[in-house]
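Engineer: After the sequence you'll find the predicted model.
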Amino acid sequence: MKNHLLSIILIFSFAMAHSQIDFGIKGGLNFSFFKVVEADFGANPETETGYFGGVYLDFKIDKGLHIQPELLYKGIGDFNFLNAPIYFKYDIDNNFHLLIGPSLNYFFDFIINSFKVRADVSIEYDIVSRFNVNMKYTLGFEELAPNVIFLGVGYKL
């Protein structure tokens, strides 16, 4: 665990030293799908609607390549948790971006096994230079980590 943390710190240190950094806020709605086979929503999936909000940093590494860590507070029904995805962001076009990476989650309401790792894939479209819309799909690897779709907006400060 210490080696992973050290690697992440080194990557962000390198990125900060050699990149342009943008800071922003984002928020929106999430739709959780419980008791479904991974990536198969079936005819009548059990769903619940929630919310999310938080901040992000966008480290521009190279032309068309970024690292974008986020820290989000999320609420889904009775569950509240912190979500910290670390995205590799690729500019498909000037205004259209693909983000993919691991998602680290800490659930406040779980006594045992409150930390979970999931996988995220996201698309983002810049409506204007500072305002974007985004959609994210999170794949849960366990029964208590459901598949989730997020629809939101972001604003660069």
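Structural biologist: Looks like it came in fine.

Engineer: ok, P69 touching Y56?
Structural biologist: Yes: taking CB atoms under 8 Å as the definition, P69 is a contact partner of Y56 at 6.9 Å. In short, each C-beta sits where N, CA and C put it, glycine included.

Engineer: what about the helices in the protein?
Structural biologist: 2-17 (DSSP state H).

Engineer: Where does the prediction get shaky in it?
Structural biologist: 1-19, 34-45, 110-113, 140-146 (pLDDT under 70).

Engineer: mind redoing it with 50?
Structural biologist: Applying pLDDT under 50 to the chain flags residues 1, 38-39, 41.

Engineer: Quick check: bridge partners of the closest residue to F150 other than its chain neighbours?
Structural biologist: Excluding the flanking residues, the one nearest F150 by CB to CB, 6 or more residues apart in numbering is K136, at 4.1 Å. As for beta bridges, K136 partners with S122, F150 under DSSP bridges.
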